[in-house]
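Participant: when you get a sec, could you give me coordinates for this:
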Amino acid sequence: MATPTSVMVECPSCKEETLHQVLAGSITGRSAKVLDSTVKCRACGHVHHTVIKGEKPVSVPVVISWLTESMRTSITLGPDEALSVDDEIVCGELPVLVTSIESKGRRVEFCEARDIDTIWGKRFDKVKVLFSVNHHGRTYPEHMIVHPDEEFFVGDMMDVGNRSVVIHTIKTDSRTLRKGGAYARDIVRVYANIVRKTSH
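Facilitator: Coordinates of the predicted model:
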């Protein structure tokens, strides 16, 4: 049985129970499982050794989508470990954003690992940013594949596809921006105009 990716334990530095990443460890025992591991506090970064007695970890199926493709894998979690929609998990070395959780035949927003039937997510080491590019009253669809934390700003000039454009509006899930910027992960669509490059 593989070790869980994270556990809730008391942090000697924070002096309270926090979520810890499991860096290394092993599980022993038959009925009562014992996790002997080195963990890192996600709150303060403190690394320490811990021994946890409890139920064995569970393997949860994960369906990961990327553009038009999807793949099936699994993640090992502690049975009490809870996941929510929009949480970020790591499957192997692939960052995944949880988009849906299925438990007992229905979709839920929050669930403990022991009750999860399937986790649905999308690859999150890169995202597709959609563009609507306008030129003389005609609109052309374009896109860019970028890192989720890449920022786009109104007024930016860039090459999208084979077109040079300037951004005039950015639409996110919560607002429409005509100044300032947003991270790629939050962008629904970027609106831009084609610009002509001039040479000197």
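
Participant: roughly how far does the nearest residue to Asp186 once chain neighbours are set aside sit from Arg185?
Facilitator: Nearest residue to Asp186, sequence neighbours excluded (Cβ to Cβ, 6 or more residues apart in numbering): Thr172, at 4.7 Å. C-beta here means a position set from N, CA and C on the backbone, and glycine is covered the same way. With distances taken as Cβ to Cβ, to the nearest Å, Thr172 is found 10 Å from Arg185.

Participant: now swap in Thr68 and tell me
Facilitator: Thr68 is 20 Å from Arg185, by Cβ to Cβ.

Participant: who has more neighbours out of these two?
Facilitator: Comparing Thr68 with Arg185 by other Cβ atoms under 10 Å, the one with more neighbours is Arg185, at 15 against 5.

Participant: specify the local secondary structure of that one.
Facilitator: Using DSSP: H, G, I helix; E, B strand; the rest coil, the structure places Arg185 in helix.

Participant: run a quick neighbour tally on the spatially closest residue to Met144 that is not a sequence neighbour.
Facilitator: Excluding the flanking residues, the one nearest Met144 by Cβ to Cβ, 6+ apart is Val129, at 4.9 Å. Val129 has 22 neighbours, counted by other Cβ under 10 Å.

Participant: make sure Thr18 is actually in contact with Ala43.
Facilitator: Yes - in this structure, Thr18 is within contact of Ala43 by Cβ atoms under 8 Å, at 4.6 Å.

Participant: okay, how far is it across stretch 27-47, tip to tip?
Facilitator: 19 Å (Cα to Cα, to the nearest Å).

Participant: show me what counts as buried in that stretch.
Facilitator: Neighbour-count burial for stretch 27-47 flags 27, 33, 35, 37, 39, 41 (criterion: 16 or more other Cβ atoms under 10 Å).

Participant: relative to Thr176, how far out is the last one?
Facilitator: With the distance defined as Cβ to Cβ, Cys41 ends up 39 Å from Thr176.

Participant: and what of Arg107?
Facilitator: 29 Å.

Participant: before we move on, back to that, what is the residue nearest to Asp186 paired to in the beta sheet?
Facilitator: The partner list for Thr172 in beta bridges (DSSP bridges) reads Ile187.

Participant: just checking, next helix/strand downstream of the helix or strand where the residue nearest to Met144 lies?
Facilitator: Using DSSP states H and E, Val129 maps to strand 127-135. The C-terminal neighbour of strand 127-135 among helices and strands, as given by DSSP H and E, is strand 138-146.

Participant: now for His168, how many residues are close by?
Facilitator: His168: 15 neighbours (other Cβ under 10 Å).

Participant: can you give the domain ranges for this protein?
Facilitator: What automatic domain parsing lists as the domains of the chain is 6-54, 58-123, 127-194.
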